[in-house]
Every structure is written in structure tokens, then in C-alpha cells.
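Participant: Fold the stuff below for me.
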Amino acid sequence: MERSPENFTKKQKLNDHRILPLSIAGLVCFIIAVSGGTIGWYLFGSNSPYRKRDTVATASPSPSTPLETGKPEEFVVTPPQTVEQKNVAPEPVPTPEPTPIATPEAEKILAPAGELTVQSGEITLGGGETNRPLRREIVGSFAIAETEVTNAQFREYIEAMKNSGDPVKNITVPTDKDDFPVTNVNLNDANRYCDWLGRKIGFEVRLPTEAEWELAARGTEGFKYPWGNEWRDNAAANKENKGSVKSVKSFPLNKSPFGAFDMAGNVWEWTTDESLDGLGKSQKYDGPNKLFKNETLYIIKGGAALESKKDISAQARIAVPKSTRLPIFGFRYVVLRDKPLKTNAAL
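Facilitator: Numbers count the residues shown, from 1 in each chain. Take a look at the predicted model:
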């Protein structure tokens with residue numbers, strides 16, 4: 001049966017309609033395949049910038065597990081501070097400066113014979129039997145006389161001042177008790193001696209402050225007595241122990257942690273501190289003795305041979321008029337060897 005041209009044309013058109021969509025679909029698949037291959041090569045090829053790599057902060061390959069083809073990479077978490085940097089020299093660790101250590105040689109330089117080095121420290125004043133508010137004070141290093149100033153030392157000063165135009169008056173020093181503490185000296189007498197000694201040795205010399213005195217007497221442990229916290233009957237000159245002033249160093253036990261002798265008992269010792277009231281104002285003498293009327297009161301420390309043992313200690317203190325002279329009043333000095341004087345007169 002022959003197909004008429006009309007039927008053939010209709011069938012051809014029908015076939016054309018079927019082929020066109022298939023052609024388009026094939027073309028789309030081809031484009032997708034080509035594009036996918038290109039993108040895959042770009043993303044996962046050897047030169048891809050998005051290739052999986054280690055980061056310092058998160059992970060690095062385990063050195064004990066080599067990577068093998070076809071096996072997943074194994075990683076271990078490594079803290080940033082433990083990552084070793086190859087070919088980089090480590091920064092040198094600075095060596096700390098050594099802490100200076102006090103040695104006997106150093107002490108000899110700072111404190112010649114007759115003086116002791118008192119290292120800086122904190123001292124708590126008041127409290128306990130003193131009936132005063134607690135007060136902490138930081139004290140710098142200084143040198144202090146090993147004993148109270150003796151009659152022999154003070155006599156040298158008197159002799160040196162005879163021809164100075166300002167001689168020492170109203171003080172008589174016994175000639176048979178050279179190693180006893182000089183007594184019957186007031187605050188001005190003690191200060192003048194310190195001025196003379198400072199000019200002689202070329203360094204600042206003065207009376208101790210109360211805080212310096214207590215640090216030298218009690219040590220950094222803050223003992224009640226120079227020898228510790230318990231009273232000892234054979235340790236100091238006091239009323240119960242014959243009640244008379246003794247030569248310096250008569251009681252080996254009466255030695256402070258820094259090595260100063262007789263800082264409890266024997267004689268009261270002057271300081272530079274004024275007596276202050278509760279408002280911090282200087283106190284004046286208001287007693288019956290007109291000789292001391294309105295005089296500023298100063299602190300003396302340690303107790304004396306005429307005092308009962310309950311009244312002497314390294315904390316003991318009383319306030320007296322500055323011009324008072326008594327046979328149980330003496331002093332010791334401090335030297336500031338970091339403060340040389342401009343002049344060093346040979347007196």
C-alpha cells in the first residue's frame with residue numbers, strides 16, 4: 001500500500017516533534033557532564049586552593065601515621081603553643097638577677113666596729129601592754145650602735161668640743177666607768193653628740209626613730225624582749241636584779257636578733273619621735289615642774305635599772321620633757337651610710 005504524500009508529511013512532522021525534545025535533553029546532559037567534570041577537577045585536583053590542608057590552630061598530620069593513597073588522612077588536635085617551628089631558634093630565657101645576700105664582709109663595710117646592720121623590714125608598734133593603737137611601719141636599712149653611747153665615747157666628744165667655741169656644758173662624765181652608758185643627758189645633748197660624730201665619720205648620724213629602735217630591738221619577728229617573748233630573770237638590769245645601771249654587755253642574753261645589747265633595762269634611750277595625742281598633735285608637758293612648762297614631750301624606750309621587770313621590754317616607752325636629765329637616761333645612735341655628709345671635719 002502506497003503512502004500518500006500527505007500521510008508521509010504528517011508522520012514526518014510527528015517524528016520531528018519527538019526528536020527535538022530528545023535532542024535538547026541529550027545536549028543538556030552533555031553540558032552537565034562536561035561542566036561537572038571541570039568543576040570536580042578544579043575543586044579536587046592537585047592544584048586546587050580548596051584542597052584540605054592543616055591549620056596551626058586546629059589540626060596537623062600525626063607524625064606516627066604516614067598518609068597512604070586511598071586511606072583517609074588521620075589527624076590529631078594539637079594546641080597552638082605546642083606546634084614546633086622548624087628552623088627557628090628559640091628566644092633565650094632571661095636569667096633573673098640574683099637576690100643580694102647579706103654577708104659578713106658586706107656588713108663590715110656597712111657597719112664598722114661598734115655598729116650593727118639592721119635590714120629593712122616591717123614593725124608593728126602599739127598594742128598589747130602599751131595601750132596604744134596598732135600601727136605598722138616600713139623601716140629602711142640602717143646601722144645602729146651595738147651598745148648605748150659609753151662614758152668613754154662621750155668624753156672624747158667633750159674633749160673635741162672644748163676649743164670649738166661651743167663647749168659641752170652641765171655634763172660630768174665619770175673617769176672610772178668608761179664602759180658604762182653615759183647618763184644625765186637630755187635630748188639636745190644626745191643630738192649634739194650625733195652631729196659631732198656625723199662630721200667626724202662623714203655620714204649622717206642621728207637618734208633612731210621609735211620604729212627603727214623597735215625593729216633593732218625586737219627583730220622582724222617582733223619579740224616582746226630582745227631575747228624572745230618570755231621574761232628571763234638573768235637577762236637585764238632591772239629593779240629585781242639589784243636595780244643599778246651596769247656596764248654595757250653585762251648581760252649576754254640581753255641581745256637583740258640583730259645583735260644590739262641592752263635594749264631592755266639598764267637605761268632609757270632617747271628617740272627622735274615626739275609624743276602625739278589621739279589627733280596626731282605634739283603633746284606638751286603640763287605637770288607641776290615649772291622647769292619643763294610647755295616643753296614638747298619625746299619618747300624614750302626600753303626601760304631602766306630602777307624599773308620593775310613588768311615595766312621594761314623592747315616595747316616599753318614613756319614620754320618626757322626634752323630637757324630632762326636623769327641618771328637613768330642615755331641613748332644610742334643610728335648611722336645612715338647611704339647619706340654621706342658634704343664635709344668630714346676631723347674633730
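Participant: Can you report how many residues lie near residue 303?
Facilitator: Other residues within reach of residue 303, judged by other CB atoms under 10 Å, total 30. Quick note: C-beta positions are derived from backbone N, CA and C, even for glycine.
Participant: check contacts around the nearest residue to it once chain neighbours are set aside.
Facilitator: Spatial nearest neighbour of residue 303, excluding adjacent residues (CB to CB, 6 or more residues apart in numbering): residue 312 at 2.6 Å. Contacts for residue 312 (CB atoms under 8 Å, 6 or more residues apart in numbering) come out as 236, 238, 264, 265, 302, 303, 304.
Participant: likewise residue 266?
Facilitator: Counted by CB under 8 Å, 6+ apart, residue 266 has contacts 148, 181, 236, 237, 245, 246, 248, 254, 302, 304, 305, 330.
Participant: Determine the three-state secondary structure at it.
Facilitator: In three-state terms, and counting by DSSP: H, G, I helix; E, B strand; the rest coil, residue 266 is coil.
Participant: residues contacting the closest residue to it other than its chain neighbours?
Facilitator: Nearest non-adjacent residue to residue 266, counting by CB to CB, 6+ apart: residue 237, 4.4 Å away. When contacts are counted by CB under 8 Å, 6+ apart, residue 237 touches 243, 244, 245, 246, 250, 251, 262, 265, 266, 304, 305.
Participant: between the contacts of residue 312, which is nearest residue 167?
Facilitator: residue 304 (28.3 Å; CB to CB).
Participant: The closest one - that's part of a strand, no?
Facilitator: No: assignment of residue 304 by three-state DSSP gives coil, placing it outside any strand.
Participant: Show the pLDDT at it.
Facilitator: As predicted, residue 304 sits at a pLDDT of 98.
Participant: Quick one: residues contacting it.
Facilitator: 237, 245, 265, 266, 267, 268, 312, 328, 329.
Participant: Please determine how far it is located from residue 137.
Facilitator: 25 Å (CB to CB, to the nearest Å).
Participant: swap in residue 302?
Facilitator: Between residue 302 and residue 137 the computed distance is 18 Å (CB to CB).
Participant: all helices for the protein, in order.
Facilitator: Along the chain, counting by DSSP state H, helices occupy 5-44, 104-110, 151-161, 187-201, 210-218.
Participant: Least reliable of those helices by average pLDDT, please.
Facilitator: helix 104-110 - the lowest mean pLDDT of these, at a mean of 39.
Participant: Break down the stretch 151-300 of the chain into its strands, ranges please.
Facilitator: Secondary structure of the stretch 151-300 of the chain by DSSP state E, counting those that start in this stretch: the strands cover 203-206, 268-274, 297-301.
Participant: could you dump the ones you listed to a markdown table with mean neighbour count and distance to residue 170?
Facilitator: Shown next, in a markdown table, are the strands of the stretch 151-300 of the chain (neighbours: other CB atoms under 10 Å; distance: least, CB to CB, whole Å):
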| stretch | mean neighbour count | distance to residue 170 |
| --- | --- | --- |
| strand 203-206 | 19 | 22 |
| strand 268-274 | 23 | 16 |
| strand 297-301 | 23 | 19 |
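Participant: quick one, which of the ones you listed is nearest to residue 334?
Facilitator: strand 203-206 (6.2 Å).
Participant: So which other helices or strands are in contact with that closest one?
Facilitator: helix 187-201, strand 334-340 (3 or more CB pairs under 8 Å, 6 or more residues apart in numbering; DSSP states H and E).
Participant: quick one: low-confidence parts of the stretch 201-347 of the chain?
Facilitator: Applying pLDDT under 70 to the stretch 201-347 of the chain flags residues 342-347.
Participant: Residue 265 - how many residues pack around it?
Facilitator: Residue 265, neighbours per other CB under 10 Å, totals 29.
Participant: thinking again about what came up before, need the contacts of residue 312 in TSV with distance to residue 290, can you?
Facilitator: Converted to TSV, these look like this (distance: CB to CB, whole Å):
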residue	distance to residue 290
236	35
238	32
264	33
265	31
302	29
303	28
304	25
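Participant: Closest to residue 114 out of those residues?
Facilitator: Nearest to residue 114 among those is residue 302, at 18.8 Å by CB to CB.
Participant: Show me the one in the contacts of residue 237 that has more neighbours than the rest.
Facilitator: Ranking the contacts of residue 237 using other CB under 10 Å puts residue 266 first, with 32 neighbours.
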